[in-house]
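Engineer: Predicted coordinates and the sequence they were generated for:
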Amino acid sequence: IWIAEVGSVEIPVVDLDKDSPFSANVSWLLQQALDIGEKAEGQFRYCNDRDAMEAVMDMGFSKDEIGLARLVRKDLGHLRCVGLSGKRSVMMACVIALFRDPSPYTMQHKQFWQGLEDYELSREFEELTDSIGKGANSGSSKEADPEPEDLGMYEGHGIELSVIGNTPVVHMETHSVFNSSASWLLQAVTGGTGKAQDEWEYFKDKKLLQECIDRLGVLSENVSLGRLRDDPRVRAVGLNGKRSVMLGLTIALAIKDEAKGEMLSHEIGNTDPTLLDPLADVLNAAFKRMQEAEPQHSNRRGSSSGGSYGSYGSSNHGRKDSRSKRKYEDFEDDRSQRSSGSGYRLKARRGGGGSRRETSGADLDRDLEDYWSK
């Protein structure tokens, strides 16, 4: 649970996993909170509220995953709530909004708590509400010691993503949309035809390991450092096994090499277009965090150890990487272009549109020089 703030108004933002003890009981919880016998689904309506939507998007969530709703009862119409994972998460957000509303007539608290005790959910609900904090700009529901802004954690689509320097650090839940596709995604972005495991290897880096421990509070035995065999400067950290490492490497390579990112988009569009939106969200979140971290790491790391994000692409690539200068908006090309599995490209917009054309490395260098000279 997160709390988005719009002026003095606090809006609960809920992501409800299927294995949560509240998932199977959320309809009953809303009925109990409102003291009604009618269907819980009819007690809220989706609504448009630009300020509320912007506040939630500022927390790092995409417009597509935000379900903004209000209570339909006239005396409760001022309450807003947001669900991030479908109707049940919206209903759970409604329950939280009702519980937090200061009005003594909003809900029957005594009756509500008695119902929780009957269903043996009182302890879980108390722990849940006690953990709620104000984090409108943090993008994270976990309370932690103050950290540098560049280490803000992205949470969404079943993963937690941080960036240390230019290295993605990934923790992936088993229910994540990427969990069953991590190997295939790495094969798609590298263009490999063999096993995904053959595309990368473990490596040791005491400094990076210590940064993960100090900044993220993880245990050393849970940290796996991986890098691509063909380009050891592409590195990632996994916090719970091989799949988290492979997803991190996919993210790192797709951002570093635009052509690889387009190839990945094409493969996803032809194979599983449902992954396009989630991956675009994750890539955009990773890129923003790399940009924020760059000033702190560019001088003390140096190109010999991978350097900052903008230093990628040495003479081995035949051209200088221009991403440190390029203005990226969201990794969300016109989604209306998706059709019949073709998928939109995970390519950032640079001010204008334009049709896609085949280009060589020399063409790209010339185009970039012309663009930045204007």
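Structural biologist: That came through, no problem.
Engineer: Any regions of this protein where pLDDT drops low?
Structural biologist: Within the chain, the segments meeting pLDDT under 70 span 104-106, 108, 133-151, 293-374.
Engineer: measure the spatially closest residue to residue 65 that is not a sequence neighbour to residue 215 for me?
Structural biologist: Nearest non-adjacent residue to residue 65, counting by CB to CB, 6 or more residues apart in numbering: residue 84, 5.2 Å away. Using the backbone N, CA and C atoms, a C-beta is placed for each residue, glycine as well. Distance of residue 84 to residue 215, computed by CB to CB, to the nearest Å: 26 Å.
Engineer: Give me the more crowded residue out of these two.
Structural biologist: residue 84 (21 against 17; other CB atoms under 10 Å).
Engineer: residues contacting the more buried one?
Structural biologist: When the contact criterion is CB atoms under 8 Å, 6 or more residues apart in numbering, the partners of residue 84 are 13-15, 61, 65-67, 156.
Engineer: Please apply the same query to residue 208.
Structural biologist: Shown in contact with residue 208 (CB under 8 Å, 6+ apart): 164-165, 167, 225, 235, 237.
Engineer: host element of it?
Structural biologist: helix 206-216 (DSSP states H and E).
Engineer: same thing with residue 254?
Structural biologist: With DSSP H and E as the criterion, the answer for residue 254 is helix 242-256.
Engineer: So which elements touch that helix?
Structural biologist: Packing partners of helix 242-256 (3 or more CB pairs under 8 Å, 6 or more residues apart in numbering; DSSP states H and E): strand 159-164, strand 167-172, helix 182-190, strand 200-202, strand 224-228, strand 235-238, helix 258-271, helix 276-301.
Engineer: which one of those lies closest to residue 5?
Structural biologist: Comparison of the helices and strands packed on helix 242-256 against residue 5 by CB to CB identifies helix 276-301 as nearest, at 21.0 Å.
Engineer: hmm, back to that, between the contacts of residue 208, which sits nearest residue 29?
Structural biologist: Top of the list for closeness to residue 29, among the contacts of residue 208 and by CB to CB, is residue 237 at 38.1 Å.
Engineer: Quick check: that closest one vs residue 256, distance?
Structural biologist: 16 Å.
Engineer: So residue 44 sits against residue 67, correct?
Structural biologist: No: counting by CB atoms under 8 Å, residue 44 sits too far from residue 67 to count as a contact (9.7 Å).
Engineer: any residues in contact with both of the two?
Structural biologist: Common neighbours of residue 44 and residue 67 (criterion: CB under 8 Å, 6+ apart): residue 90.
Engineer: Who has more neighbours out of the two?
Structural biologist: Neighbours per residue, other CB under 10 Å: of residue 44 and residue 67, the larger number sits with residue 44, 25 against 20.
Engineer: Disregarding residues adjacent in the polypeptide, which is nearest to that one?
Structural biologist: According to CB to CB, 6+ apart, the nearest residue to residue 44 is residue 69 (4.4 Å).
Engineer: rewinding a little: quick one: the residue nearest to residue 65 from residue 266, how far?
Structural biologist: From residue 84 to residue 266 the distance is 28 Å (CB to CB).
Engineer: Check residue 59 too.
Structural biologist: Using CB to CB, residue 59 is found at 31 Å from residue 266.
Engineer: With residue 44 instead?
Structural biologist: Distance from residue 44 to residue 266, by CB to CB: 40 Å.
Engineer: burial measure for residue 112, as a count.
Structural biologist: With other CB under 10 Å as criterion, residue 112 counts 20.
Engineer: quick one: contacts for it?
Structural biologist: So residue 112 contacts 32-33, 99 (CB under 8 Å, 6+ apart).
Engineer: quick one: it from residue 118, how far?
Structural biologist: Distance, residue 112 to residue 118, using CB to CB: 11 Å.
Engineer: Residue 25 - how many residues pack around it?
Structural biologist: Residue 25 has 17 nearby residues by other CB under 10 Å.
Engineer: my guess is it meets residue 118, correct?
Structural biologist: No: look at residue 25 against residue 118 with CB under 8 Å: they stay out of range, at 10.9 Å.
Engineer: returning to that earlier point: just confirm the residue nearest to residue 44 is within a helix.
Structural biologist: No: assessed with DSSP: H, G, I helix; E, B strand; the rest coil, residue 69 is strand; it does not lie in a helix.
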